[in-house]
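*Asks:* predicted model and sequence below, questions to follow.
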2 protein chains.
Amino acid sequence: MVQRIRRRAGRPRGLVLGIGDDCAIYRPSAEEDLLVTTDFVIEDVHFRRTTHRAEDVGWKALARGLSDIAAMGGTPRFCLVSLAVAPWADERWIDGFYRGLLKLARRTRTELAGGDLAHAGKTVCDIVAAGWVPKGKALRRDGAKTGDAIYVSGVLGGSALGLATGRGRAWRRHLRPEPRLALGRILRQSFRPTAAMDISDGLLIDLHRLCLASKCAAELDGDVPVFAGAAIEQALHGGEDYELLFTLPAQVRRPRRISGVPITRIGSMCRGEAGSITIAGERRLPLGYDHFRKP
Amino acid sequence: MVQRIRRRAGRPRGLVLGIGDDCAIYRPSAEEDLLVTTDFVIEDVHFRRTTHRAEDVGWKALARGLSDIAAMGGTPRFCLVSLAVAPWADERWIDGFYRGLLKLARRTRTELAGGDLAHAGKTVCDIVAAGWVPKGKALRRDGAKTGDAIYVSGVLGGSALGLATGRGRAWRRHLRPEPRLALGRILRQSFRPTAAMDISDGLLIDLHRLCLASKCAAELDGDVPVFAGAAIEQALHGGEDYELLFTLPAQVRRPRRISGVPITRIGSMCRGEAGSITIAGERRLPLGYDHFRKP
């Protein structure tokens, strides 16, 4: 199985050594900072075997990691994939999983460099994504200042709507999120956001985290862009949209679209209790899909 | 919970940014190759909640990753820990898990730089360990040549014996494996092994993998060092000993101990079908604990 995955992963690019030894070996250049992130995709938490095809699970596993790289303005380099398969997952399923994952990997020039394979009661994937930014240029979430304008990319709530209905454009959006890599890079190079992160658990809870890190409060006074057909609550609290959330000094002008993705101003950072969010003057709890809240 | 882990992880050393953002940021030096590896520790596969304490699970999770770094002659830098906890695992268990992990992390100067937290049906940990070697100096498993002598560190079968008996020195060895980091570094600096890897799944299956990578066969003609009280089969096929397996050109002299660990010559690389292993002239199947073999 390892041999087959290895053949399909192709030639390592930027890697001294990929799949097949104790570690992957990566030779960084002197001008780069390395970004590393890790994310779970777990059966019955992030996907269901009855509704999500193997290809979709593999795609999403990598997309989750790449979305974190995008949020820091980085360019992906390689990934490692740890996959523990449940008894129901046969070789065909595993093949499909890697097919979906490698499709996104090729499109984003992310090398599959290694991982681990095991059996488990339920299928669990943990992905490591690594990328780079020029030294000191990573977009962090702790630099937003009072007065900065708050922006989101794209439209929100599509993934939550798709999960609820299981069909149409919203379902496809839930299954195949597109990490905003080009947008993240352009933001870093041309707009220098004071803070940025991806929206993976829901707008309000992720904005709450950005506010906590930046020791600010947020006031939402603009229209939140909602996916066609989704409810406002799905846009505010639904997870897995993988859009970018970022702040710019108030005077910075920005286009309506960057790299084909609409950019919407939704509010501004303000004084107040760190992490607190108000919408039209009313305090809102940062609900969202928090994997670590007991169900 | 993330806040608590973060406080306990302490100050990042060698890291630009640790826990709390989308990615960890690491600034490598111009003279280094980065080593990255990932390993699962899964409930009812690698540990049982009834017999393994939380501290032991945390320790072993990191030890598995560090053993891979050791096998390449590397020095650890940081780790990321993805932990999905079963409903039975309360905060006390999670605290214990991190206590055990951070004890080994402090001892080996490995920074906890991030990770993921989630819920799952059974507890699953996936650890990412990252370390470094001077450029081009990593010990790989694909360089062994016909005629090279084969060595193992320490004694084998202790972990398998411990798992069978659940008590005494063998059980402690199973619970708290010591990654051979000092040995790996000294081997790289002073003895230049032609190939090296760690023994995590069993001597024969891991030697088989080394032989496959190096396109050689192996003949075992020396005494395999067996843990006191263990059977020879436990030493040949038992997993989780985390000793080092390496090859040196026949003429290289080496001490009986390196960094306090006994070094034993067990055979030599020879011509023959790649991956095949003979003991005293008899062909042996590379049995071992292969997580990917259907149970």
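*Replies:* Good, I have the coordinates. Numbers count the residues shown, from 1 in each chain, chains lettered A, B, ... in the order given.

*Asks:* per-residue confidence for A:A30?
*Replies:* If you check A:A30, the pLDDT there is 81.

*Asks:* can you point out the buried residues in whichever strand or helix holds A:L236?
*Replies:* Element membership for A:L236, per DSSP states H and E: helix A:232-237. Residues A:Q234, A:A235, A:L236, A:H237 are the ones in helix A:232-237 that count as buried (16 or more other Cβ atoms under 10 Å in any protein chain shown). Where you see a C-beta, it was placed from the backbone N, CA and C, and this is true even at glycine.

*Asks:* cool, stretch A:115-135 as well?
*Replies:* Going by neighbour count (16+ other Cβ under 10 Å), the buried part of stretch A:115-135 is A:115-133.

*Asks:* from those, which land in strands?
*Replies:* Using DSSP state E, the members of the buried residues of stretch A:115-135 that fall within strands are A:115-119, A:124-133.

*Asks:* in this structure A:L80 contacts A:C125, no?
*Replies:* No. Using Cβ atoms under 8 Å, A:L80 is not in contact with A:C125, being 11.0 Å away.

*Asks:* in its sheet, what does the helix or strand hosting A:P262 sit against?
*Replies:* Take DSSP H and E as the rule and A:P262 turns out to sit in strand A:261-270. Sheet pairing for strand A:261-270, assigned by DSSP bridges, gives strand A:149-153 (antiparallel), strand A:217-220 (antiparallel), strand A:257-258 (antiparallel).

*Asks:* neighbouring contacts of the second one?
*Replies:* If you take Cβ atoms under 8 Å, 6 or more residues apart in numbering or on different chains as the criterion, strand A:217-220 is touched by A:150, A:207, A:210-211, A:266-280.

*Asks:* run the last query once more with 6 Å
*Replies:* A:207, A:211, A:266-270, A:272-273, A:276-279 (Cβ atoms under 6 Å, 6 or more residues apart in numbering or on different chains).

*Asks:* most neighbours among these, which one is it?
*Replies:* The most crowded member of the contacts of strand A:217-220 is A:L207, carrying 28 neighbours; neighbours defined as other Cβ atoms under 10 Å in any protein chain shown.

*Asks:* that one in helix, strand or coil?
*Replies:* helix (DSSP: H, G, I helix; E, B strand; the rest coil).

*Asks:* and the strands in chain A, which stretches?
*Replies:* For chain A, the strands defined by DSSP E occupy A:15-17, A:24-26, A:32-42, A:75-85, A:111-119, A:124-134, A:149-153, A:195-199, A:217-220, A:243-248, A:257-258, A:261-270, A:277-279, A:282-284.

*Asks:* report whether the third one contacts chain B.
*Replies:* Yes. Looking at strand A:32-42 against chain B by Cβ under 6 Å from any Cβ of the partner chain, the contacts come from A:D33, A:L34, A:L35, A:V36, A:T37, A:T38, A:D39, A:F40, A:I42.

*Asks:* and those as TSV, adding neighbour count, distance to A:L175 and pLDDT?
*Replies:* Converted to TSV, the residues of strand A:32-42 next to chain B look like this (neighbours: other Cβ atoms under 10 Å in any protein chain shown; distance: Cβ to Cβ, whole Å; pLDDT from 0 to 100):
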residue	neighbour count	distance to A:L175	pLDDT
A:D33	22	32	91
A:L34	24	30	92
A:L35	28	26	94
A:V36	26	26	94
A:T37	29	21	94
A:T38	29	22	93
A:D39	24	16	92
A:F40	25	17	92
A:I42	21	16	93
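
*Asks:* pick out the most distant pair among those residues.
*Replies:* A:D33 and A:I42 (29.7 Å; Cβ to Cβ).

*Asks:* now do the end-to-end distance for stretch A:163-171.
*Replies:* 6 Å (Cα to Cα, to the nearest Å).

*Asks:* avg pLDDT for that stretch?
*Replies:* 93.

*Asks:* wait, what's in contact with A:D68?
*Replies:* A:T37, B:D22, B:C23.

*Asks:* how many neighbouring residues does A:R284 have?
*Replies:* Neighbours around A:R284, by other Cβ under 10 Å: 17.

*Asks:* for it, give me the pLDDT.
*Replies:* Taking A:R284 on its own, its pLDDT is 88.

*Asks:* how about it: what's its closest non-neighbour residue?
*Replies:* Leaving aside its chain neighbours, A:R284 sits nearest to A:I277 (5.1 Å; criterion: Cβ to Cβ, 6 or more residues apart in numbering or on different chains).

*Asks:* repeat that for A:K103.
*Replies:* Nearest non-adjacent residue to A:K103 (Cβ to Cβ, 6+ apart): A:W59, at 6.6 Å.

*Asks:* hmm, that neighbour is touching A:G100, no?
*Replies:* Yes. With contact defined as Cβ atoms under 6 Å, A:W59 reaches A:G100; the gap is 4.0 Å.

*Asks:* count the neighbours of A:G229 for me.
*Replies:* Neighbours of A:G229 under the rule other Cβ under 10 Å: 14.

*Asks:* tally of neighbours for the closest residue to it other than its chain neighbours?
*Replies:* Nearest in space to A:G229, with sequence neighbours left out and distances taken as Cβ to Cβ, 6+ apart, is A:L161 at 5.9 Å. Look at A:L161: counted by other Cβ under 10 Å, it has 24 neighbours.

*Asks:* quick one: contacts for A:L161?
*Replies:* So A:L161 contacts A:A170, A:F227, A:G229, A:A230, A:Q234 (Cβ under 6 Å, 6+ apart).

*Asks:* which ones among the residues you listed lie within helices?
*Replies:* Taking DSSP state H, the ones among the contacts of A:L161 that sit in helices are A:A170, A:Q234.

*Asks:* going by distance to B:P193, which of the contacts of A:L161 wins?
*Replies:* Of all the contacts of A:L161, B:P193 sits closest to A:A170, with 55.4 Å by Cβ to Cβ.

*Asks:* show the contacting residues for the nearest residue to the closest one once chain neighbours are set aside.
*Replies:* Excluding the flanking residues, the one nearest A:A170 by Cβ to Cβ, 6+ apart is A:G162, at 3.6 Å. A:G162 sits next to A:A170, A:W171, A:R173, A:H174 when contact means Cβ under 6 Å, 6+ apart.

*Asks:* can you do 8 Å?
*Replies:* By Cβ under 8 Å, 6+ apart, the contact list for A:G162 reads A:G168, A:R169, A:A170, A:W171, A:R172, A:R173, A:H174, A:L175.

*Asks:* what do you get for A:P87?
*Replies:* Neighbouring residues of A:P87 by Cβ under 8 Å, 6+ apart: A:H119, A:G121.

*Asks:* where does the stretch 101-250 of chain A come near chain B, residue by residue?
*Replies:* When proximity is defined by Cβ under 8 Å from any Cβ of the partner chain, the stretch 101-250 of chain A lies next to chain B at A:113-122, A:124, A:126, A:128-131, A:135-136, A:138, A:140-142, A:197-198, A:213.

*Asks:* please redo it, this time with the cut-off set to 6 Å
*Replies:* Residues of the stretch 101-250 of chain A lying near chain B by Cβ under 6 Å from any Cβ: A:115-118, A:120-122, A:124, A:126, A:128, A:138, A:140-141, A:197.

*Asks:* how is chain A partitioned into domains?
*Replies:* Listed by automatic domain parsing, the domain ranges of chain A are A:2-134, A:149-284.

*Asks:* can you give me the distance of the closest residue to A:A217 other than its chain neighbours to B:T38?
*Replies:* Excluding the flanking residues, the one nearest A:A217 by Cβ to Cβ, 6+ apart is A:G272, at 3.1 Å. Separation of A:G272 from B:T38 (Cβ to Cβ, to the nearest Å): 41 Å.

*Asks:* return the set of residues that bridge with whichever residue of the stretch 51-200 of chain A sits closest to chain B.
*Replies:* With Cβ to the nearest Cβ as the measure, A:D126 is the residue of the stretch 51-200 of chain A nearest to chain B, at 3.6 Å. Counting by DSSP bridges, A:D126 is bridged to A:F40, A:S82.
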